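Colleague: I would like the atomic coordinates for the input below:
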Amino acid sequence: MKILLALLLSVLASPALAQVYSCPDGRGGKTHQQTPCSGQSSGYVRCIKSNGESYVHQGTSCPVRRERVEQRAGMVTDVRTGQQQFMIPGGGNGMIDPRTGQRHELISPPPTQRVRDYAEPISQESACAQARVVRDRALSDFNRTINTIRAAEARYSRLCGG
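Modeller: Residues are numbered from 1 along each chain as shown. Presented below is the predicted three-dimensional model:
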C-alpha cells in the first residue's frame with residue numbers, strides 16, 4: 001500500500017505539481033481526485049511528502065515547497081533545464097564540460113526543485129492531535145533547541161487554541 005501511494009505521489013506530484021485529494025467514497029473506501037472533497041471544509045489538510053513524512057497545513061491545499069535535488073558524483077545539474085550532466089573537476093569551485101572544454105563555476109546553494117505534497121483533508125480535531133504529537137516529541141527530545149520548542153508550542157496554540 002505504501003509503495004503504491006509513493007508511486008502515485010511521485011508520478012502525480014513531480015512534473016505537473018498536481019494536487020491530489022484523498023476523499024471518502026461513501027462505501028468505506030477512498031477515492032483520489034484533483035479537486036477538494038465535497039462536504040469537507042474543515043480548513044485543514046495533512047500534507048504527505050514523498051518519503052512518507054507528513055505535516056498539517058491550514059487551507060485546502062499544500063504549499064509549494066523547494067526540495068534539494070539529489071546530486072550524483074561527477075554530475076552537475078543545469079539550472080536552466082534541471083537535467084544532470086557529467087563534468088570534470090576543474091579546480092576551485094569550477095567544473096569543465098568534456099564536450100566543449102568550457103569551464104563552469106558551480107552555483108551555491110545546491111539546486112532545488114519545486115514540489116507540492118499530497119493533500120488529505122482532515123478535521124480540526126485531527127490537526128490538533130497531530131500538533132500535540134509534534135509538540136510532545138519536541139519537549140521529550142534530548143537534542144531539542146529552544147527554537148524547536150517555541151515553534152511546536154506556537155503551532156499547537158494556533159491549531160488547538162490553547
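Colleague: For stretch 148-160, give the mean pLDDT please.
Modeller: Mean per-residue pLDDT for stretch 148-160: 88.
Colleague: contacting residues around it?
Modeller: For stretch 148-160, contacts defined as Cβ atoms under 8 Å, 6 or more residues apart in numbering pick out 44, 56, 58, 124, 127-128, 131-132, 134-135, 137-139, 141, 162. Using the backbone N, CA and C atoms, a C-beta is placed for each residue, glycine as well.
Colleague: rerun that using 10 Å as the cut-off
Modeller: For stretch 148-160, contacts defined as Cβ atoms under 10 Å, 6 or more residues apart in numbering pick out 44, 55-56, 58, 124-139, 141, 144-145, 162.
Colleague: per the record, what domains does this structure have?
Modeller: 2-65+123-160, 70-110 (automatic domain parsing).
Colleague: pLDDT below threshold where in the chain?
Modeller: Residues of the chain meeting the criterion pLDDT under 70: 1-21, 24-26, 28, 35-42, 71-82, 87-93, 106-110, 162.
Colleague: what's the single longest helix in it?
Modeller: Longest helix of the chain, by residue count under DSSP state H: helix 124-140.
Colleague: Which elements pack onto that helix?
Modeller: With contacts taken as 3 or more Cβ pairs under 10 Å, 6 or more residues apart in numbering; DSSP states H and E, helix 124-140 sits against strand 44-48, strand 54-58, strand 118-122, helix 146-160.
Colleague: okay, these in TSV with distance to residue 64 next?
Modeller: Shown next, in TSV, are the helices and strands packed on helix 124-140 (distance: least, Cβ to Cβ, whole Å):
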stretch	distance to residue 64
strand 44-48	11
strand 54-58	11
strand 118-122	12
helix 146-160	20
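Colleague: circling back: how about the longest helix of the chain, which residues are buried there?
Modeller: For helix 124-140, the neighbour count (16 or more other Cβ atoms under 10 Å) marks 126, 127, 128, 130, 131, 134, 135, 138 as buried.
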